[in-house]
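A.B. asks: have a look; sequence and predicted model below, questions after that.
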Amino acid sequence: MHQYATRTLDRERLAYTAWHAMAEFVDNSTQSYFDNQTTLDGEFAKKGEKLEVSIVYDRDQGFLRIYDNAMGMDLSDLDGALHVANPRRTPRVAPNTEWG
């Protein structure tokens, strides 16, 4: 893991590690599914698929890839996600993490 991923953001409130970051990506993937479940279930049924979240770490190549087949974000969602303490416009359906 890269050093920047394991630094403490606020030593008095939250020690944010690479594991926390990976959990957040998985939480975002599942939340994207729940936010778009009707549409995704229809598409998954056509292809015989279901929600998939994959985490691949290649130590030799030095990369970590987290992939899902959910909906993703539009530009507006991305902009909102990049602002600290910016609440979601829609409520979370399935809070999967301590902070979700």
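C.D. replies: Sure thing, it's come through.

A.B. asks: quick one: residue 56 and residue 64 touch, right?
C.D. replies: Yes: Residue 56 is within contact range of residue 64, at 7.3 Å (criterion: C-beta atoms under 8 Å). C-beta: built from backbone N, CA, C; applies to glycine.

A.B. asks: ok, these two, which is more surrounded?
C.D. replies: Neighbour totals were compared for residue 56 and residue 64, and residue 64 leads with 17 against 10 (other C-beta atoms under 10 Å).

A.B. asks: tell me who's in contact with the more buried one.
C.D. replies: 1, 22, 55, 56, 57, 58 (C-beta atoms under 8 Å, 6 or more residues apart in numbering).

A.B. asks: hang on, it is in a helix, isn't it?
C.D. replies: No: looking at residue 64 with DSSP: H, G, I helix; E, B strand; the rest coil, it is strand, so not inside a helix.
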